[in-house]
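Peer 1: Pasted the sequence and its predicted model underneath.
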Amino acid sequence: MKNLTKILFGALMLALAAGAYAEDKYDQLSKELIAAGASVHGKKIAIIPFSYADGRAGVSKDGSVISERLAIKMINSHKFEIIERSVLDKVMAELKLQASGTIDASSAQQLGKVLGVEAIITGTLVEMQAGEIEVNARLIKTETAQAIGASQISVRKDWIGDASSAPQQTYQQPVQQPVYQQTTYQQPQPAPVARAPRGEFEYGFFDIIMGGGNRTIDIAYENSGNGIYFNQIGFTASGISNGPYSEIKIEDLEGVGMGPVGIRVGGFGKGAIGGDFEFSVSRHDVEPQKAAGTRNGLPTNFVLPTGGNYLQMTSFGFSGDLLIRVPTKKVDPYIGMGLGISLNRVQMPYVYGYTNSSVFSRPVDDFGVGLMLRVPVGMRIKFDPKFHLMAELRYEMNTVFFDRAIATESDTITSSGMRFVLGLGFGL
């Protein structure tokens, strides 16, 4: 029993090793052909079933299996559009071409014109000892019939049988394998379509961002009930009545703070249009200063308390941008328009309200929902497909609504200004 267990375990390990061996070899074959075909990346190509170099008649199962496995690797590389096998077989039958690796220059040019392919992959097989098959693959440009790349590997035959002596048939693709990209060749029954490979300028990104800049803050108090008094909102104004007033506004306060700091995810399609979604955190404070504004529409000069910050506001923003870019290989300059909402904690140490108790007292510690608007102008530098650097100058405005827990009141804080933002990006 122990010996039987050892034998079964050994057989299992050999099978797994054979699968890994074959997988590595197909990866090697695919990568070498992709590297050789850099000049035709993003274009359509066709993979012709391989045939034996000894001239065996018909299409062998060995050639079909190897070409199918190579096709899967090529599709997953997203470097080419691969013609679907049934379409290829139909066209070759109509052109009376042999569906095998022995494609001559004239046949390659015919396939290029009818299928609209820039290149074909073809090749031959050599049967070796111990279940090994030598694969000799070539990448041929259809316009010139010139071989622009070649690769040679040996794979272990891990499938059953060979159909070299049977009538020609199409190797059936397993149900779970990806479907090939449909060609533009017209046929009575359209072939299944897979998601098209990404174009040269198509990519997604994930950014970690950090920025800062100037901000101007406006605060407006409006009360349709008992009115607003200066001493209740922490202002002093010499020679002016304490109130009540239905409206008091302070404009163009010099704000300090930090941010935005956050993350964003987005991408660009094959053209100029793209977009992103951003989550960020920022801080908006107002330090002691003199300020100008109005009371019931009358110009007024105010003095804010000198003991500490008049306003401390922390904002959590959720926003999205529509972006328009100029696509290039290394640098994508862009401009956009963004909208979003913000969740804000509003802390005002010198202002009275009902946010902390049922007694009219200070400080106010309120929650406000805001509307965000921004106009970004920037550029994305693509060092390689997986590593980007983003630099952006944006105008940003966040208008926050709160009420100090007073039923008859409607107050707003508007923070606006220019921000400079840097981002470390990762391609998706």
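Peer 2: All right, it came through fine. Keep in mind that this is a model prediction, so the values were computed, not measured.
Peer 1: what are the ranges of the strands in the stretch 1-150 of the chain?
Peer 2: Under the criterion DSSP state E, counting those that start in this stretch, the stretch 1-150 of the chain carries strands at the ranges 44-47, 51-52, 81-82, 119-127, 132-141, 146-156.
Peer 1: can you list contacts of the longest one?
Peer 2: Just to be clear, that refers to strand 146-156. Contact partners of strand 146-156, identified using CB atoms under 8 Å, 6 or more residues apart in numbering, comprise 18, 21-22, 25-26, 28-29, 32-33, 35-37, 39, 66, 119, 128, 131-141. For the C-beta atoms, the positions are set from N, CA and C on the backbone; glycine is no exception.
Peer 1: if we go to 6 Å?
Peer 2: Strand 146-156 is contacted from outside by 18, 21-22, 25, 28-29, 32-33, 36, 131-141, using CB atoms under 6 Å, 6 or more residues apart in numbering.
Peer 1: looking at the strands of the stretch 1-150 of the chain, which has the lowest confidence?
Peer 2: Mean pLDDT is lowest for strand 51-52 out of the strands of the stretch 1-150 of the chain, coming in at a mean of 83.
Peer 1: List the pairing partners of that strand within its sheet, with orientation.
Peer 2: Each strand that pairs with strand 51-52, with its direction, by DSSP bridges: strand 119-127 (parallel).
Peer 1: So what angle separates the directions of the strand it pairs with and strand 132-141?
Peer 2: Using axes from the mean of the first three to the mean of the last three CA atoms, to 10 degrees, one finds that strand 119-127 and strand 132-141 are set 160 degrees apart in direction.
Peer 1: Report the buried members of the contacts of strand 146-156.
Peer 2: The neighbour-count test (16 or more other CB atoms under 10 Å) applied to the contacts of strand 146-156 identifies 22, 25, 29, 32-33, 36, 133, 135-141 as buried.
Peer 1: Kindly reformat the residues you listed as JSON lines and extend each row with distance to Val87.
Peer 2: Conversion of the buried ones among the contacts of strand 146-156 to JSON lines gives the following (distance: CB to CB, whole Å):
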{"residue": "Ala22", "distance to Val87": "27"}
{"residue": "Lys25", "distance to Val87": "27"}
{"residue": "Leu29", "distance to Val87": "23"}
{"residue": "Glu32", "distance to Val87": "26"}
{"residue": "Leu33", "distance to Val87": "21"}
{"residue": "Ala36", "distance to Val87": "24"}
{"residue": "Ile133", "distance to Val87": "27"}
{"residue": "Val135", "distance to Val87": "24"}
{"residue": "Asn136", "distance to Val87": "25"}
{"residue": "Ala137", "distance to Val87": "21"}
{"residue": "Arg138", "distance to Val87": "21"}
{"residue": "Leu139", "distance to Val87": "20"}
{"residue": "Ile140", "distance to Val87": "19"}
{"residue": "Lys141", "distance to Val87": "20"}
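Peer 1: closest to Leu371 among those residues?
Peer 2: If you rank those by distance to Leu371 using CB to CB, Leu33 comes first, at 53.4 Å.
Peer 1: Please verify my assumption that that closest one contacts Ile140.
Peer 2: No - here Leu33 does not reach Ile140: they are 10.8 Å apart, not a contact under CB atoms under 6 Å.
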